[in-house]
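Undergrad: okay, here's the prediction I keep looking at, along with the sequence it came from:
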Amino acid sequence: MFDRLGELDTPTVVMVGDLDRPTLIACNEEVAERIPGCRLVRMPGVDHLPPLRVPDLVADTVLAHFGGEFPHS
């Protein structure tokens, strides 16, 4: 399942809440470890719904990841 993650060369951020299911937390941590240069953002007190629980953190993380602006299509 994770065999090809090491081939990714796209800047990546994985966000995981510490109140999510333990199996999902472990999966996200393993994904982040296998993607070169991946940034893992741990969200204390957050379950599986970060956009609802901490929308500002999610938005700030996305904006920072894209250098402060969204890409134009």
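TA: Yes, it's here.
Undergrad: and the helices in this protein, which stretches?
TA: Counting by DSSP state H, the chain has helices at residues 22-34, 50-53, 55-65.
Undergrad: ok, which of those helices comes nearest Glu7?
TA: Closest to Glu7 of the helices of the chain, according to Cβ to Cβ: helix 22-34, at 9.7 Å. (Glycine included, C-beta is placed from N, CA and C.)
Undergrad: pull the residues that contact that closest one.
TA: 2, 5-6, 12, 14-18, 20, 38-40, 48 (Cβ atoms under 8 Å, 6 or more residues apart in numbering).
Undergrad: and the residue nearest the centre of the chain, what does it touch?
TA: By Cα atoms, centre = their mean, the chain has its centre lying nearest to Val14, at 1.5 Å. By Cβ under 8 Å, 6+ apart, Val14 lies in contact with 28, 31-32, 35, 38-41.
Undergrad: neighbour-wise, which one of these leads?
TA: Within those, Ile35 tops the neighbour count with 21 neighbours, counted by other Cβ atoms under 10 Å.
Undergrad: returning to that earlier point: what's the lowest-pLDDT member of the contacts of helix 22-34?
TA: Within the set of the contacts of helix 22-34, pLDDT is lowest for Phe2 (85).
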